[in-house]
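Engineer: following is a predicted model, sequence given first.
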Amino acid sequence: MSRDFYIIKTLLPGLFTAQIIATIQVYLSNVELYRNLIAIKDAGYLVIPNQQIMYRLHEFGPAFFGGLFFTLTVGAGLSILTFVVVWVWNRVFSRNKFVLMLFLLFLIGCVAEVNHRGFCPIVTAYFIVIPAVIFVSALKWMPFKDRQSVLLHLIPLFLLGLLWTFQMSNNMFYDIRDNFLLSNSLGTRINNLYYKYTLYPAQVFKLLSQKTLKSCNLEYIKEGPYAGLLERELLKHDYLNIGKDDKVDLKISEENNILVFENRGKRILQVSIKDFLSRSAILLKEFSLKSDRHYFFRQFVLFSLLTGFPIALYIILHALFSLVLHVFLDLGMSSIFASILCFLVGAVFLVPFFLNTDKKFDTKDLAEVLESERLQERVAALKIITQKEIEIGNFKAYQKMSASPHTLERYRLAEALGVSRRSGTYQDLLGFLNDPEPTVVCMAFYALGQRGDTRAVKEIIKRINSSDHWYKQLYAYMALRTLGWKQTGSR
């Protein structure tokens, strides 16, 4: 059996190494975020995440579970890529040194791209340490004859890749969430874990413009009529002036009536005061892009999420099937049937994409469809109500749906309440803020923002201060900003 399991045995050291690097990376990011949030809080601003989350940023748990995201993406991607290269180099090219040099040049190029806007030691470690570990383990455990077993993996993987490619779209991740996660209790638990820990790794490589709160230092701006205007303009984009601190996201100084924008001690932009005040959104986006040090890393993580993660799942599933089947069959047959079963499982997961394709209903039939016994029909009707901005309060069925045991149905109902303008539905939407599922609560906050009713501001701020869930706080804050609320601070 060791020959059939050598692939997963080879990949595990790489994934373990990735987890160590990722945990360190997320922990250091959490520590930096904590320092930034403390400075923002001391300046009198509302902080996201709040103090309940802030004091967990120094704990091991958020760093470890947040690091799993990078382990299962960039860790899996680099491990599998290196394994494939080593196998081809060893089996096909008989360890030709020129072929090995090509792979090393690829890694050197990756490292150069990672660091071209500033040295990133943790990200660099991914592209050096993980391939080195996999290279050693692959050569150590590679059996003498394994071409047949590798082909058994490649054929169903190739076919599954073709089938899933047809489902690639901008909504693919939402479709996976709706069809596989929110449709069952196990999937809902996995989804909740994602909501609980995903913002920790996201904070590592977000663009500055994507971060909820950004700190800035305006102490080098001369007092005058433009000083107050500059600070208010920055507040519109959640750049919060915390005073004398050089370790901020944005430091602005003034030289001969020219504003100098700095990030991490590096000059990024120079612009006149009047020019900035007239097109601040464009210039701050430009500042964010030019300050970005993780573009290549983000793209590699996305690539690994779409390739490395599903291939790693396939390999693990194949190993489990082989282990069970080997009780009844010999090694060769158990491996063959395991490959067939893996293909069937991957193909079966595609079925909901075809069965749950949103049906088109005439608006006059919506009342009847909302009473349907089929969950997917009710959900499809709620989507149409939201898309066409139809008043959900016109349908009696919606009140019964608010108590639905199905997370997906409550989620879509909260979304539909966001386009409603009836006073009664406003209270129903507030009720969803107490939903046990964070997915539904987040949508309820989003819907409150879409309604444009400023009565919600006080309730949302209260919820932010009492919440112990970062993702809920994020959506609550976005709702506040949509409703026109702005930070003030104590300065």
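Structural biologist: In hand now; what should we look at?
Engineer: low-confidence ranges in this structure?
Structural biologist: Scanning the chain for pLDDT under 70 picks out 1-4, 144-153, 166-170, 352-360, 489-491.
Engineer: quick one, domains of it?
Structural biologist: Listed by automatic domain parsing, the domain ranges of the chain are 6-203+298-348, 208-291, 363-482.
Engineer: can I get those domains in JSON lines with distance to Thr488 and mean neighbour count?
Structural biologist: Where you see a C-beta, it was placed from the backbone N, CA and C, and this is true even at glycine. As requested, the domains of the chain are arranged in JSON lines below (distance: least, Cβ to Cβ, whole Å; neighbours: other Cβ atoms under 10 Å):
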{"stretch": "domain 6-203+298-348", "distance to Thr488": "8", "mean neighbour count": "17"}
{"stretch": "domain 208-291", "distance to Thr488": "8", "mean neighbour count": "16"}
{"stretch": "domain 363-482", "distance to Thr488": "12", "mean neighbour count": "18"}
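Engineer: ok so Leu259 is a strand residue?
Structural biologist: Yes. Per DSSP: H, G, I helix; E, B strand; the rest coil, Leu259 lies within a strand segment.
Engineer: tell me how far it lies from Lys290.
Structural biologist: 15 Å (Cβ to Cβ, to the nearest Å).
Engineer: repeat for Gly118
Structural biologist: For Gly118 relative to Lys290 (Cβ to Cβ), the value is 12 Å.
Engineer: over to Val129?
Structural biologist: To Lys290, Val129 is 29 Å away according to Cβ to Cβ.
Engineer: quick one: the helices in the stretch 51-200 of the chain?
Structural biologist: Taking DSSP state H, counting those that start in this stretch, the helices of the stretch 51-200 of the chain run over residues 51-54, 60-70, 76-87, 97-115, 121-141, 147-165, 172-176, 185-197, 199-205.
Engineer: the longest helix along the chain - contacts with which helices or strands?
Structural biologist: Assignment by DSSP state H gives helix 6-42 as the longest helix of the chain. Packing partners of helix 6-42 (3 or more Cβ pairs under 8 Å, 6 or more residues apart in numbering; DSSP states H and E): helix 51-54, helix 60-70, helix 76-87, helix 121-141, helix 199-205, strand 214-220, helix 308-325.
Engineer: output the contacting helices and strands for the first one.
Structural biologist: Helices and strands touching helix 51-54, by 3+ Cβ pairs under 8 Å, 6+ apart, are helix 6-42.
Engineer: what distance separates stretch 255-274 from the centre of its chain?
Structural biologist: Centre-to-centre, stretch 255-274 and its host chain are 32 Å apart (Cα atoms, centre = their mean, to the nearest Å).
Engineer: other residues contacting that stretch?
Structural biologist: 118, 208, 226, 230, 246, 249-254, 276, 283, 286-287, 290-291 (Cβ atoms under 8 Å, 6 or more residues apart in numbering).
Engineer: repeat the analysis, applying 6 Å as the threshold.
Structural biologist: Under the contact criterion Cβ atoms under 6 Å, 6 or more residues apart in numbering, stretch 255-274 has outside partners 226, 251-253, 276, 283, 287, 290-291.
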